[in-house]
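I'd like to go over a predicted model; first the sequence, then the structure.
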Amino acid sequence: MDVGRICKACGRTPFALLRYPCEQRSPRSFIKLSSSSSASLFFCKSKNIAALTFNSHSDLRGRRHLCGNSNSCRSRMGVTPLQTAQVDFPISETFFRSSLASMEKTYLSKNPTVSSVLDFVRTYDGGQVCYDHFAFRTFNVDNCGISALAQFFLDFGYTARGELSFPAKHLRALWFSPPQHLLDCNGEGINGPLPRIFISELLVDKLSPEAQEIIKKYTSISSSGSKYAALASVLGSLTWPTPFLSDYQLLARESEYAAWTLVNGYALNHLTISVHRLKSDVQKIGNLNELIQSNKFKLNTEGGILKVSPDGRLLQSSTVADSMVFYFAEGISESVPASYIEFAERLVLPEYESFPVDKISELHRRDGFEVGNADKIFESTSAEQLRRKVA
């Protein structure tokens, strides 16, 4: 099967080209490779960055993976899970972690419920809270999509791992894994294991002409500003002009995702606590959900409070988003959805269940994301969930 293309000029694979683009390439300077998975490489017109589109594939049991080759799949093929050597990257680890810390600080300052939940879990558990992933939302138009944020993480050695598609919501997402030696290191929060990155984008051309016109009115002005998407997330600022309330309301009627992104931009949509890394009884997500609810925090009930992948090994839940007052261009202030916090428990893969507990690492657990789970998690910012009263 076709895995994508390799550049004739430099001989690099799609993965290498993600971090070191070929300056000699031409539109037809690629040849095809062959392997058991597939990917296509596409270059943005205005920047040397590539976006990978992965095809899902079935393992020997017929299960479909949307996260690249899982450890379990590698094991069944007689291949040792990939090992990543510690190498130098274009930006230092200190700078990278400081940037993530600033994103986190901005996110917590705008979302008091998230801050309260995080403090509550940390105090109750008495251990170290680690992060499973960070998530962002974008518009797939005028260079403001996934690629706008992805470059920052690719420059630090993150790897594009897989694609998820949400046709009903007109969304697409890619997720990225950190350098392997930083996925299972000591420390907590931003100073602990680095989080996976989940970036979604709205397929704007799938919306009505009216909605497309509104979005492009802002993104066309901000097409160059998209180069500073990571900085915008750090600062909590929009790269486009302040929206009009009338535009926001029209978008909200057609796509709540579009309306959220218009007023929040590249802000951190949510961070996720790695539940299985907690130390007390709440390292089981069912116990954590009960504790969260008993303390009057509102959880997303879309599809049930607990979202479970078909293989039963990725368990997720989330709070309902905070609301914030937004000042629109007309001088009118309105309450709009902000961000939320998620919880994820990744169970040990079957082939590693006999391992001693102290020998289990993140590499031995279920990796990736699941369309069914993520589709329901997106609803954490929906008007229906925000209107719901705490049980």
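Perfect, thanks for sending it. Numbers count the residues shown, from 1 in each chain.

and Gln283, how far from Gln128?
Distance, Gln283 to Gln128, by CB to CB, to the nearest Å: 12 Å. Bear in mind the C-beta positions are built from the backbone N, C-alpha and C, glycine included.

again, but for Val325
Taken as CB to CB, the span from Val325 to Gln128 is 34 Å.

which of those two has more neighbours?
Gln128 (17 against 9; other CB atoms under 10 Å).

pretty sure that one is touching Cys185, no?
No: Gln128 is beyond contact range of Cys185, at 11.6 Å (criterion: CB atoms under 8 Å).

and Ser354, which of the three is it?
Secondary structure state of Ser354, per DSSP: H, G, I helix; E, B strand; the rest coil, is coil.

for it, give me the pLDDT.
pLDDT, Ser354: 94.

kindly report the same for Gly286.
Reading off the model, Gly286 has pLDDT 98.

which strands and helices lie in contact with the host helix or strand of it?
Under the criterion of DSSP states H and E, Gly286 resides in helix 285-294. Packing contacts for helix 285-294, counted by 3 or more CB pairs under 8 Å, 6 or more residues apart in numbering; DSSP states H and E, involve helix 112-125, strand 314-318, strand 340-346.

what are the ranges of the strands in the stretch 101-250 of the chain?
With DSSP state E, counting those that start in this stretch as the criterion, the stretch 101-250 of the chain has strands at 131-139, 159-166, 171-177, 196-202.

which one of these lies nearest to Arg387?
When the strands of the stretch 101-250 of the chain are compared by CB to CB, strand 131-139 sits nearest Arg387, at 20.9 Å.

about what we covered before: out of the helices and strands packed on helix 285-294, which is closest to Tyr266?
strand 340-346 (16.5 Å).

any idea of the mean pLDDT for the helix or strand just after that closest one?
Downstream of strand 340-346, the first helix or strand assigned by DSSP H and E is helix 371-377. Helix 371-377 shows a mean pLDDT of 98.

how far off centre is helix 371-377?
12 Å (CA atoms, centre = their mean, to the nearest Å).

what's it packed up against?
By 3+ CB pairs under 8 Å, 6+ apart, helix 371-377 packs against strand 159-166, strand 307-308, strand 314-318.

switch the helices and strands packed on helix 285-294 over to a markdown table; also include mean pLDDT, distance to Ile332 and mean neighbour count.
Formatted as a markdown table, the helices and strands packed on helix 285-294 follow (pLDDT from 0 to 100; distance: least, CB to CB, whole Å; neighbours: other CB atoms under 10 Å):
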| stretch | mean pLDDT | distance to Ile332 | mean neighbour count |
| --- | --- | --- | --- |
| helix 112-125 | 96 | 23 | 16 |
| strand 314-318 | 98 | 30 | 24 |
| strand 340-346 | 98 | 25 | 24 |
